[in-house]
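predicted model, plus sequence, below.
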Amino acid sequence: KQEVTQIPAALSVPEGENLVLNCSFTDSAIYNLQWFRQDPGKGLTSLLLIQSSQREQTSGRLNASLDKSSGRSTLYIAASQPGDSATYLCAVVMNYGGSQGNLIFGKGTKLSVKP
Amino acid sequence: DVKVTQSSRYLVKRTGEKVFLECVQDMDHENMFWYRQDPGLGLRLIYFSYDVKMKEKGDIPEGYSVSREKKERFSLILESASTNQTSMYLCASSFWEVDEQFFGPGTRLTVL
């Protein structure tokens, strides 16, 4: 059974720092991996989607990488700002099984960027 | 931009009541999903639908049912609400099954 892990569970950094959030998964037979942002009490905002055949995706100050063979993805945030404070979730879609399309989520990393 | 809306942001119901949570998407997406989110357990899939009148069970379907009579609308039904169904409920949609999913703002349901 696929398990998705995000470490650390919480991270606090000063404004301006570059940072990396980690996501690991146990089964490499994924179709894609998606990174989300969630603000307190709100829904999820999609940040980046990486297909299994891709190595990375970029959007503005965000860069997500994928190493399927080692079961890892990282989300790199450049020049962090207080507005980046949120919980970041990664999720994978499996490449088999009746529940195709089912996102399997990690428990998230809560990021706090201090002014 | 894709827009997914949910009928209520906050809802308080009593044990035993029948509860309807509504989700509407405006991008003609084929697939719609219902998740619940709980502290320490993360997000888990309850049900999903890949076409009108079609539904599939997710990981935790017990105590829930769904209805999809129109392509843009997906309803989650709690036949007899219980306190352990107090949770944040999130709806999502995607164009095809393994495509990027877009989420609604969530409904915080409290069952007393």
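Received it, and whenever you're ready, just let me know what you need. Numbers count the residues shown, from 1 in each chain, chains lettered A, B, ... in the order given.

C-alpha from now on. contacts and neighbour counts both.
Will do.

where does pLDDT dip in the chain?
Let's take chain A. Across chain A, the stretches falling below the confidence threshold (pLDDT under 70) are A:96-101.

meant chain B, my bad for not saying
Residues of chain B meeting the criterion pLDDT under 70: B:1-2.

in it, which residue sits nearest chain A?
With CA to the nearest CA as the measure, the residue in chain B that lies nearest chain A is B:Pro105; the distance is 4.0 Å.

nearest spatial neighbour of that residue, skipping sequence neighbours?
Take B:Pro105 and drop its neighbours on the chain: the residue closest to it by CA to CA, 6 or more residues apart in numbering or on different chains is A:Gly43, 4.0 Å away.

ok, the one you found to B:His29 distance?
18 Å (CA to CA, to the nearest Å).

which parts of chain A sit against chain B?
Applying the criterion CA under 8 Å from any CA of the partner chain, the portion of chain A that neighbours chain B consists of A:31-32, A:34, A:42-46, A:49, A:93, A:99-108.

hmm, back to that, so the residue nearest to B:Pro105 touches B:Arg108, yeah?
No: look at A:Gly43 against B:Arg108 with CA atoms under 8 Å: they stay out of range, at 10.5 Å.

okay, buried residues for stretch A:14-26 please.
Residues of stretch A:14-26 classed as buried by neighbour count (16 or more other CA atoms under 10 Å in any protein chain shown): A:Glu15, A:Leu21, A:Asn22, A:Cys23, A:Ser24, A:Phe25.

just the element for A:Tyr76, please.
Secondary structure from DSSP states H and E places A:Tyr76 in strand A:72-77.

ok, the residue in chain A that chain B sits nearest to - contacts?
Each residue of chain A has a distance to chain B, by CA to the nearest CA, and the smallest belongs to A:Gly43, at 4.0 Å. With contact taken as CA atoms under 8 Å, 6 or more residues apart in numbering or on different chains, A:Gly43 is in contact with B:Leu90, B:Phe103, B:Gly104, B:Pro105, B:Gly106.

will you turn those residues into CSV that also has secondary structure?
What follows is those, written out as CSV (DSSP: H, G, I helix; E, B strand; the rest coil):
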residue, secondary structure
B:Leu90, strand
B:Phe103, strand
B:Gly104, coil
B:Pro105, coil
B:Gly106, coil
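
what are the ranges of the strands in chain B?
Along chain B, the segments classed as strands by DSSP state E run B:4-6, B:10-13, B:19-25, B:31-38, B:42-51, B:54-57, B:64-70, B:73-78, B:87-94, B:102-103, B:107-111.
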